[in-house]
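>>> Output the structure for:
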Amino acid sequence: MTNDPATNHYVAQAMKPLDNPDAQTLRVVKLASSLATLCSGVSLNKKALYAYMNETRFAEIKGKAYNEAAFLADSTFRYFDYRALAHLCAGSAYLFGPNGHLAPGLLKAGKGKPKMSYDPDNPFITLPPLARRS
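Coordinates of the predicted model:
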């Protein structure tokens, strides 16, 4: 597995922006926090995350716009499985490292592999949905 989007389909998919900029912001935050939780040795740079959220005006996404954006962002993780996780862990430095192409500096590099082992009976990984706001 590589961190080059030309050879890593999952990194290439993560690089494609969503049509809705609010959904893109939520997807980037969810992806970075998920990789920090599920990839071995990866940690979230909270200072950079707050700066990213400030820059993209995360706090200004409210009400119906937030719920629609959360639905779109969550739908990109609908079929998230171990294979996708393994490829995204390998590409985490490319996406979120110091010179990251999606959001620079959000993650501190790790080993490039998942923390958990592969379960052939259930390869899908359920990520918690983004909380809806009323």
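
>>> give me the element the closest residue in space to Gly110 that isn't next to it in sequence is part of.
Closest residue to Gly110 apart from its sequence neighbours, by Cβ to Cβ, 6 or more residues apart in numbering: Gly41 at 2.9 Å. Yep, even glycine has a C-beta here, placed from its N, CA and C like the rest. Taking DSSP states H and E as the criterion, Gly41 maps to no regular element, lying outside all helices and strands.

>>> Make sure Gly41 is actually in contact with Leu107.
No. At 10.1 Å, Gly41 does not count as touching Leu107 under the criterion of Cβ atoms under 8 Å.

>>> Neighbour count: the two, which is higher?
Under the criterion of other Cβ atoms under 10 Å, the comparison of Gly41 against Leu107 puts Leu107 first, with 26 against 13.

>>> Other residues contacting the longest helix seen in the chain?
When the chain is parsed with DSSP state H, its longest helix is helix 21-38. The list of residues contacting helix 21-38 from outside it, by Cβ atoms under 8 Å, 6 or more residues apart in numbering, reads 14, 17-18, 42-44, 49, 52-53, 56-58, 61, 65-66, 68-70, 72-74, 76-77, 85, 88-89, 92, 95-96, 102-103, 106-107, 114-116, 125, 127, 130.

>>> Among those residues, which are located in helices?
Among those, the subset assigned to helices under DSSP H consists of 14, 49, 52-53, 65-66, 68-70, 72-74, 85, 88-89, 92, 95-96.
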